[in-house]
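Q: give the three-dimensional model of this entry:
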Amino acid sequence: MEQAVDQNPASQEDIINAALDFLADLLGAMDVAADISIVSETEEQMVIQIDTDEDAGVLIGRKGQTLQAIQYLVNVIYGTRLDKRMQVDVGDYRQRHDEKLLEDAHHAANRVRESGKRFTLEPMNAADRRTIHHLVKDQYSDLETYSTGEDPNRRIVIEPKGATGPRPGEIGRWQGRGPGSGGSREPRNFDARRGGTYKSRRPR
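A: Residues are numbered from 1 along each chain as shown. Below you'll find the predicted structure:
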């Protein structure tokens, strides 16, 4: 994976190609056969899809930790050069994960409404915390959220607005922009078991 320490590519297209090469080599080292596709791209975010028939669990890991690590590496090495966030997904994992996350958040918010008491969610990563902060702010005007604890055990607390009494932990509110949508690129396919290369379907 020498490209991880290569000189800075000259253009955004070079950086994108280097990122896909990096993923191909990384999955090859993990002995995972897969297809890679850039499925959407905006000024702020690029979504890279990895599809595999038999090795999805290896790439996702427990509670998505392996996938988060892969995404972190891609962003540290290439996303900073592109000046945009690079989201990596495996199959429909993030869609299923987000649906479950939102379901749990609605359940917790309604529980707080009914009981009038704070509710602390399970530990989650920063992206999931942002999602819940936005959800409560946008859909539950009578509730508010804050984060407490340190990663990887940082979690969200949902409480009624104006709640009294000491809050557990520190307050860490988040403000920011929601995700956008954009164009797409043609898939790039590779079989990592045959050398970690891919063939571009994009016209040259």
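Q: how about the nearest residue to Pro152, chain neighbours excluded?
A: Excluding the flanking residues, the one nearest Pro152 by C-beta to C-beta, 6 or more residues apart in numbering is Pro123, at 6.3 Å. All C-beta spots, glycine's among them, are computed from the backbone N, C-alpha and C.
Q: distance of that neighbour relative to Leu101?
A: Going from Pro123 to Leu101 by C-beta to C-beta, to the nearest Å gives 13 Å.
Q: what segments of this structure are helices?
A: Assigned by DSSP state H, the chain shows helices spanning 12-29, 56-60, 65-74, 80-82, 93-115, 126-139.
Q: any idea how far Asp55 is from Ser141?
A: Taking C-beta to C-beta, one finds Ser141 at 44 Å from Asp55.
Q: pull stretch 65-77 out as PDB, backbone CA atoms only.
A: The C-alpha trace of stretch 65-77 is given here as PDB (Å, rounded to 0.1, in the frame of the first residue of the first chain):
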ATOM      1  CA  GLN A  65     -16.000  -0.700  13.800                       C
ATOM      2  CA  THR A  66     -13.900  -2.200  10.900                       C
ATOM      3  CA  LEU A  67     -15.900  -0.100   8.400                       C
ATOM      4  CA  GLN A  68     -15.400   3.000  10.500                       C
ATOM      5  CA  ALA A  69     -11.600   2.300  10.600                       C
ATOM      6  CA  ILE A  70     -11.500   1.800   6.800                       C
ATOM      7  CA  GLN A  71     -13.400   5.100   6.300                       C
ATOM      8  CA  TYR A  72     -11.100   6.900   8.800                       C
ATOM      9  CA  LEU A  73      -8.000   5.800   6.900                       C
ATOM     10  CA  VAL A  74      -9.400   6.900   3.600                       C
ATOM     11  CA  ASN A  75     -10.400  10.300   5.000                       C
ATOM     12  CA  VAL A  76      -7.100  10.900   6.800                       C
ATOM     13  CA  ILE A  77      -5.000  10.000   3.700                       C
END
